[in-house]
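>>> what follows is a predicted structure for the sequence shown.
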Amino acid sequence: MADYDVIIIGAGMSGLAAGIRLACFDRRVLIIERHSVYGGLNSFYTLDGHRFDVGLHALTNYVPKGTPNKPLTKLTRQLRISYDSLELFPQDHSLIHFPEHQLRFSNDISLMIDEVARAFPAEADRFGRLVREMEIYDETALTTAPRSSRTTLGEYLQNPVLIDMLLCPTMYYGNPREQDMEWHQFAIMFKSLFLEGFARPRGGIRRMIAQLVKKYREYGGLFRMGCGVKRLVHDDQRVSAVVLDDGTELTAEQIISSAGYHETMQLCSLPRPEIAPAVGQLSFTESISVLKHKPRDLGITPVIIFFNTTDRFNYAVPGDLIDPHSGVICCPNNYYPPDQDEEPGLLRITSLANYDRWTALSKPEYRAAKEQAYLQTTAIATRLVPDFRPQVTYHDLFTPRTIKKFTGHWNGAVYGSPDKIWNGRTSLENLYLCGTDQGFLGIIGAALSGITIANLHVLSAD
């Protein structure tokens with residue numbers, strides 16, 4: 001008899017969700033995590049007494065309690081988590097900021113429809129048709145023919161700037177491809193950002209992680225933290241054992257890995273097949289500024305600003321350490337009503353980054369480069385919002401090296417491979433993928449990825 005029914009590699013959102021789903025159906029489940037904290041790409045850390053979220057700008061796919069047939073509703077039902085326990089605060093509004101045009105949007109798509117009609121009157125009817133098509137699009141389909149988003153959007157819209165303005169948020173929040181986006185992925189992100197919306201749990205990502213960990217343990221799920229997987233023992237068909245970094249060998253009937261396709265195949269020591277998913281290349285830096293006052297008190301009212309400061313939006317690995325000319329500005333405090341805002345003033349700026357350039361630096365060069373990148377990103381941001389720099393009391397910046405260290409993702413690629421494996425299958429019959437390289441991205445998407453793979457390959461097999 002195997003030690004466990006299922007071993008899950010990685011305690012990120014997808015791994016935790018898969019674990020809960022299986023444990024609540026009485027499976028003997030073990031989640032193995034190399035690090036000492038839960039959450040993976042969406043975790044938190046403490047530095048010099050300051051607590052920072054990693055990853056969470058917004059819990060996308062927000063809908064009010066009881067809204068039927070939506071990802072957030074499905075997640076709470078499938079994981080048997082109370083909606084109210086998440087204490088979600090929806091956004092008031094966010095902004096897409098380009099040199100000549102700005103579009104406000106909220107959790108009500110009618111605001112964005114009105115904004116497009118104001119800024120691009122000739123595109124109003126065409127954008128309305130795109131919205132209607134997105135409303136009926138089946139984002140849960142696991143088999144879709146690849147299509148270019150730029151080409152397909154060009155079938156709906158004529159203005160290239162508007163197309164860029166729609167791609168900027170959807171790419172930054174869930175696109176592993178340079179310059180273009182797979183249409184199915186665009187539809188998932190469009191629905192999660194614009195047709196549903198943004199919210200934030202009280203206290204940030206820690207609350208949601210705590211809820212997931214608590215629920216998993218309530219159903220008898222087990223963790224092995226601080227000890228990663230060294231290799232997977234297998235024959236031509238099946239994984240027979242999981243060997244940990246400390247030499248422990250464990251067995252399970254099925255293995256679910258959230259480590260990524262290439263990272264998982266490396267554990268198997270399998271030769272790379274002739275046709276394999278491409279290795280992800282896109283990574284980011286994020287600067288975090290602690291402020292004396294809340295952003296709203298400084299005149300910064302959007303929750304999130306997706307920005308581009310050049311003529312055309314360029315989403316690619318930069319030649320330099322970072323590309324500060326586009327990115328995301330996030331003000332977490334702006335989710336909360338002023339009388340319920342208990343967090344310190346924070347402002348976060350995300351920029352595209354070059355993994356190879358960052359990893360080539362010596363320690364002194366790395367420290368200096370982090371400071372320079374922080375100065376670059378904050379300088380660009382002050383072109384778009386009131387100058388917050390005199391209010392900064394502490395700052396930090398994490399890089400692709402940080403992402404690689406704490407996630408194991410090759411190249412620090414936040415969104416993994418551009419070629420997703422929607423059904424989660426690998427060449428070994430009892431080894432499955434969930435998370436980034438399965439294809440559902442974002443916090444809710446990652447959790448639904450774990451649920452989907454658990455349902456599809458474990459529970460439905462009974």
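Looks like it arrived, so ask away. Numbering: from 1, shown residues only.
>>> alpha carbons only for contacts and neighbour counts from here, please
Fine.
>>> domain map for the protein?
As recorded under automatic domain parsing, the domains making up the chain are 4-84+202-276+418-459, 90-198+280-406.
>>> who wins for proximity to Gly412 among these?
domain 90-198+280-406 (4.4 Å; C-alpha to C-alpha).
>>> so how far is that closest one off the chain centroid?
Domain 90-198+280-406 sits 12 Å away from the centroid of its parent chain (C-alpha atoms, centre = their mean, to the nearest Å).
>>> need the contact partners of stretch 435-452.
13-19, 21, 42, 56, 59-61, 71-72, 75, 78, 173-174, 185, 258-261, 415-417, 419-424, 434 (C-alpha atoms under 8 Å, 6 or more residues apart in numbering).
>>> and those residues, which of them are in helices?
13-19, 21, 71-72, 75, 78, 185, 261 (DSSP state H).
>>> mind putting those in a markdown table, distance to His50, pLDDT and neighbour count included?
As requested, these are exported to a markdown table (distance: C-alpha to C-alpha, whole Å; pLDDT from 0 to 100; neighbours: other C-alpha atoms under 10 Å):
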| residue | distance to His50 | pLDDT | neighbour count |
| --- | --- | --- | --- |
| Met13 | 23 | 93 | 30 |
| Ser14 | 27 | 95 | 33 |
| Gly15 | 27 | 96 | 33 |
| Leu16 | 26 | 97 | 30 |
| Ala17 | 28 | 97 | 29 |
| Ala18 | 31 | 98 | 32 |
| Gly19 | 30 | 98 | 35 |
| Arg21 | 33 | 98 | 25 |
| Pro71 | 32 | 94 | 21 |
| Leu72 | 30 | 95 | 26 |
| Leu75 | 31 | 95 | 18 |
| Gln78 | 34 | 96 | 17 |
| Gln185 | 35 | 92 | 22 |
| Tyr261 | 34 | 95 | 29 |
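>>> could you single out the nearest of those residues to Leu397?
Distances from Leu397 to the ones in helices among the contacts of stretch 435-452, taken by C-alpha to C-alpha, are shortest for Met13, at 23.0 Å.
>>> these two touch, right, that closest one and Ser43?
No. Judged on C-alpha atoms under 8 Å, Met13 makes no contact with Ser43 at a distance of 9.2 Å.
>>> show me whatever sits in contact with both of the two.
Joint contacts of Met13 and Ser43 (C-alpha under 8 Å, 6+ apart) are Ile209.
>>> just the strands in the stretch 251-400 of the chain please.
For the stretch 251-400 of the chain, strands defined by DSSP state E, counting those that start in this stretch occupy the ranges 252-257, 283-291, 304-308, 322-330, 345-353, 392-398.
>>> helices of the chain, residue ranges please.
Here the chain has its helices, by DSSP H, at 13-23, 71-78, 109-119, 124-136, 149-156, 160-172, 183-190, 205-218, 261-268, 355-359, 363-381, 400-407, 442-454.
>>> just to revisit the earlier point, possible to save the ones in helices among the contacts of stretch 435-452 as CSV with distance to Ala278?
As requested, these are exported to CSV (distance: C-alpha to C-alpha, whole Å):
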residue, distance to Ala278
Met13, 23
Ser14, 21
Gly15, 23
Leu16, 26
Ala17, 26
Ala18, 25
Gly19, 28
Arg21, 30
Pro71, 28
Leu72, 30
Leu75, 30
Gln78, 32
Gln185, 16
Tyr261, 10
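>>> in terms of mean pLDDT, which of the domains of the chain ranks lowest?
Among the domains of the chain, domain 4-84+202-276+418-459 carries the lowest mean pLDDT, at a mean of 92.
>>> what's the span of that domain from first residue to last?
End-to-end distance for domain 4-84+202-276+418-459: 15 Å, by C-alpha to C-alpha, to the nearest Å.
>>> quick one: it to chain centroid distance?
13 Å.
>>> for stretch 299-317, which positions count as buried?
300-309, 313-317 (16 or more other C-alpha atoms under 10 Å).
>>> quick one: contacts of it?
Contacts of stretch 299-317 (C-alpha under 8 Å, 6+ apart): 57, 91-99, 161, 164-165, 168-169, 171, 177-179, 281-283, 295, 325-335, 352-354, 385-386.
>>> repeat for stretch 160-177
The contact list for stretch 160-177 (C-alpha under 8 Å, 6+ apart) reads 96, 98, 120, 150, 153-154, 157, 181, 185-186, 189-190, 193, 280-282, 306-308, 312-313, 315-316, 327-328, 413-418, 441-442.
>>> how about a cut-off of 7 Å?
For stretch 160-177, the surrounding residues in contact (C-alpha atoms under 7 Å, 6 or more residues apart in numbering) are 96, 153, 181, 186, 189-190, 280, 282, 306, 313, 415-418, 441-442.
>>> between those residues, which has the most around it?
Ranked by neighbour count (other C-alpha atoms under 10 Å), those have Gly416 at the top, with 32 neighbours.
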